[in-house]
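>>> next comes the sequence, and after it the predicted model I'd like to discuss.
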Amino acid sequence: MAAPLEVDPQDVKRRLDSGEKLHLIDVREPHEFAQAKIEGATLIPMRSVPGELQDLDARADEGPLIVYCHHGVRSLNVVNWLREQGVEACQSMAGGIDAWSLRVDPSVPRY
């Protein structure tokens with residue numbers, strides 16, 4: 001059975017801290033990434049996700065993809081699309097980087 005479509009930022013942090021291999025995929029635009037980012041995340045702007053499908057599929061075989069954006073709307077769309085393409089090991093981080101900043105790491109700037 002596939003994991004839920006969304007995952008809370010606190011849960012992502014807990015899983016990372018426990019050593020689980022997660023791939024953080026930031027689907028915001030480069031200027032947004034420059035303003036605020038989560039350490040270790042890979043920037044793949046939403047519009048370029050289809051061109052990165054093979055790479056994302058390969059990464060998902062190594063560990064779940066945690067897709068996030070600013071508030072969680074774009075990332076949910078990306079996760080739905082990835083699952084339609086057969087990439088099951090992916091979840092959208094609910095609330096995006098904004099929720100991460102509020103609930104997990106206040107050193108990440110809000111914008």
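Okay, I see it. Because the structure is predicted, anything quoted here is derived from the model rather than measured.
>>> where does the nearest residue to Glu62 once chain neighbours are set aside land in three-state SS?
In space, and not counting its chain neighbours, Glu62 is closest to Lys21: 6.2 Å by Cβ to Cβ, 6 or more residues apart in numbering. Every C-beta, even on glycine, is put in place using the N, C-alpha and C of the backbone. What DSSP: H, G, I helix; E, B strand; the rest coil gives for Lys21 is coil.
>>> any idea how far Lys21 is from Ile66?
Lys21 sits 11 Å away from Ile66, going by Cβ to Cβ, to the nearest Å.
>>> try Ala60
For Ala60, the distance to Ile66 - Cβ to Cβ - is 11 Å.
>>> list residues touching both of these two?
His23, Cys90 (Cβ atoms under 8 Å, 6 or more residues apart in numbering).
>>> about what we covered before: just the pLDDT for the residue nearest to Glu62.
pLDDT, Lys21: 97.
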